[in-house]
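Chemist: Predicted model, plus sequence, below.
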Amino acid sequence: MKNIAFFCIPAHGHTNPMLPVASELVKRGNKVRFYSFDEFKEKIEKTGAEFVSCSKFLPELSKKEEEKIKNVSQTEMSLQDIRITLKMNDFLDSEFKSFKPDVVYTDSVCFWGKLNAWKFNVPMVVSTSTFAFNQMSTQYMKNSPAELADMIFGLSKISKELKTLEPYGYHVKNTISLVQSDNNTDSIVYTSENFQPYSESFSDHYQFIGPSVFSKVLPNKTKDRPLVYISMGTVINEKPDFYKKCISALKDIDTDVIISCGNATNPESLGELPENIKVFHYVDQLDILSKADAFITHCGMNSVSESLYMATPMVLYPQTGEQYAVARRAKEIGAGVMLEDDSAEGIKNAVQTILNNKNYAKAADDCSKDFRSCSGTVGAAEFIENAPHTSNGYDFLKEVNKASGKFNIIYWIIAAILIVLFGIFVSWKFTWIIGVTAGVLSYPIGKAVQKKIYQSMAAKRKK
């Protein structure tokens, strides 16, 4: 039996996958202490874990700060995580000394969990509620100009805030080292290797367990007519105008529709509903998805994973860069269509595309079988119990970077030779044009070559 400390941020999408893992660890005789927040108390206690409230450490946020977090500002969330870590310092200092955890299982963006594991030299396993992101898999993301501006202009603020951690024994270089996946950290990812982009680039410190869910229900699509389910998740779900367009789009087609609108939207504000459409604040999503034939989703990792687990193809409507990465992968495997036109007509066409082409359902079903073949919560529990893990020493990504580095050296040698030849035989006056052109082209060419090198090396490893 081991003492295992769980840490997570106050977010449903990050907490929910950890719950079945906690339940499995408790069943195996471990003592699990889950440091979380009051809104999750009931769910956590149902797992058999000991709930420890951290709600008193949450800061009072201004309306501006609340709005930034609601809009998934990475800068604001990082700043608040650092401040919460400082507020929890004395409390967690006492907890670590009294509970003496053998392992820390912490969400990937829960700073206070990670930092205290490092501070007290306790083996740590990271709970990755999204894809594992490194320099290769981040290429799947498509950040909006606002998201890019937030990240760029927020760096100095975060760096300044990080310095406040130093006097308390928390040593960290930068935010990236706190949140980015690396090949030396034991990590659990709630998807399969097949669905994870660039899965070969992650070391054997990673355990891809498939979706972490309590439900043992199998997909059952047998019913009188199709069922369409609509949800925009638990964070950016205040979208009454979008729900109204969905109602307008689907009111006249031969299908049943269920909308989960969250607490932020009043179902009555959506107007009089057609007979085939029902709206609820919340539903049992896995149960609905087990029967659904199409799912209009914001593409949060949990929602997409649960949809594919239940063999339900999707209309993909991502709202953030991270969600775009998940949507892109779902589209790649043929289990969904992007909602490029979010008018009522566009929504109707996308839903009918899914319902009328059985290839989408087939792709979702194939992915469901892949997910269900993973080790699941039993694999996660074993991985956590046996932490820390050793690696076979081979770092695939490091080898790719070495090969890419050699190409870059050759690229600039060729550019230098061209500059010299142009200067000797044409004119030194305009050699800067070649230099600038080489500089501009170096990034896209370098990325393309890196991808080719990656694919070649990955293919060789599979043989």
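Modeler: Structure received.

Chemist: Name the surrounding residues that touch stretch 81-89.
Modeler: Residues outside stretch 81-89 that contact it (Cβ atoms under 8 Å, 6 or more residues apart in numbering): 9, 54, 57-59, 109-112, 115, 158, 161-162, 164-165, 168, 170. For every residue, glycine as well, the C-beta is placed using N, CA and C.

Chemist: same thing with stretch 21-41?
Modeler: 1-8, 10, 15, 18, 44, 46-55, 58, 92, 95, 99, 101, 105, 113, 127, 188, 212, 214, 377-378, 380-381, 384-385.

Chemist: any idea which residue sits dead centre in this protein?
Modeler: Nearest to the geometric centre of the chain sits residue 130, at 1.9 Å (Cα atoms, centre = their mean).

Chemist: mind listing what the residue lying closest to that one once chain neighbours are set aside touches?
Modeler: The spatially closest residue to residue 130, leaving aside those adjacent along the chain, is residue 301, at 4.7 Å (Cβ to Cβ, 6 or more residues apart in numbering). If you count contacts by Cβ under 8 Å, 6+ apart, residue 301 has them with 13, 129-131, 190-191, 322, 326.

Chemist: Residue 301 and residue 432: what is the separation?
Modeler: 47 Å (Cβ to Cβ, to the nearest Å).

Chemist: Ok, residue 460 next?
Modeler: 41 Å.

Chemist: which phi and psi does the nearest residue to residue 232 once chain neighbours are set aside have?
Modeler: Distance criterion Cβ to Cβ, 6+ apart; nearest residue to residue 232, sequence neighbours excluded, is residue 298 at 4.5 Å. Main-chain torsions, residue 298, degrees, to the nearest 10: phi -80, psi -10.

Chemist: Over to residue 280?
Modeler: In terms of degrees, to the nearest 10, the main-chain angles of residue 280 are phi -130, psi 160.

Chemist: what are the bridge partners for it, then?
Modeler: residue 260 (DSSP bridges).

Chemist: My read is that it contacts residue 265, right?
Modeler: No - in this structure, residue 280 is not within contact of residue 265 by Cβ atoms under 8 Å, at 10.7 Å.

Chemist: Between those two, which is the more surrounded one?
Modeler: residue 265 (20 against 13; other Cβ atoms under 10 Å).

Chemist: how about the more buried one, secondary structure?
Modeler: Per DSSP: H, G, I helix; E, B strand; the rest coil, the secondary structure class of residue 265 is coil.

Chemist: what about the residue nearest to it when sequence neighbours are not counted, how many neighbours?
Modeler: Distances taken as Cβ to Cβ, 6+ apart place residue 240 nearest to residue 265, at 5.2 Å, with adjacent residues excluded. Residues within reach of residue 240, counting by other Cβ under 10 Å, total 15.

Chemist: what are the ranges of the helices in the stretch 301-450 of the chain?
Modeler: 301-309, 321-332, 344-356, 358-372, 376-385, 396-425, 431-462 (DSSP state H, counting those that start in this stretch).

Chemist: Which one of those helices lies nearest to residue 200?
Modeler: Proximity to residue 200, assessed across those by Cβ to Cβ, is greatest for helix 431-462 (4.6 Å).

Chemist: So which elements touch the closest one?
Modeler: helix 396-425 (3 or more Cβ pairs under 8 Å, 6 or more residues apart in numbering; DSSP states H and E).

Chemist: Flag every buried residue along the helix it packs on.
Modeler: 396-397, 400-401, 404, 411, 415, 419, 422 (16 or more other Cβ atoms under 10 Å).

Chemist: pLDDT on that helix, on average?
Modeler: For helix 396-425, the mean per-residue pLDDT is 92.

Chemist: Next: stretch 302-322.
Modeler: 95.

Chemist: Check the offset of that stretch from the chain's centre.
Modeler: 11 Å (Cα atoms, centre = their mean, to the nearest Å).

Chemist: what's the span of it, first residue to last?
Modeler: Stretch 302-322 has an end-to-end distance of 12 Å (Cα to Cα, to the nearest Å).

Chemist: do stretch 45-55 as well
Modeler: Per Cα to Cα, stretch 45-55 runs 16 Å from first to last residue.

Chemist: Pull out the buried residues from that stretch.
Modeler: Result for stretch 45-55 [16+ other Cβ under 10 Å]: buried residues 47, 49-52, 54.

Chemist: out of those, who's nearest residue 371?
Modeler: Using Cβ to Cβ, these come closest to residue 371 at residue 47, 21.3 Å.

Chemist: Residue 16 versus the closest one, what's the distance?
Modeler: From residue 47 to residue 16 the distance is 11 Å (Cβ to Cβ).

Chemist: which neighbours do these two share?
Modeler: What both residue 47 and residue 16 touch, as defined by Cβ under 8 Å, 6+ apart, is an empty set.

Chemist: follow-up on the earlier one: return the residues in contact with the residue nearest to the centre of the chain.
Modeler: Contacts of residue 130 by Cβ under 8 Å, 6+ apart are 108, 301, 322, 325-326.

Chemist: now stretch 145-161: mean pLDDT?
Modeler: Stretch 145-161 comes out at a mean pLDDT of 78.

Chemist: which of the residues in that stretch are buried?
Modeler: 147, 150-151, 154, 158, 161.

Chemist: Just send those back as TSV, with distance to residue 251 too.
Modeler: Shown next, in TSV, are these (distance: Cβ to Cβ, whole Å):
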residue	distance to residue 251
147	34
150	38
151	41
154	43
158	47
161	49
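
Chemist: hmm, back to that, out of the helices of the stretch 301-450 of the chain, deepest packed?
Modeler: helix 301-309 (a mean of 25; mean count of other Cβ atoms under 10 Å).

Chemist: ok now it, how far from the chain's centre?
Modeler: 11 Å.
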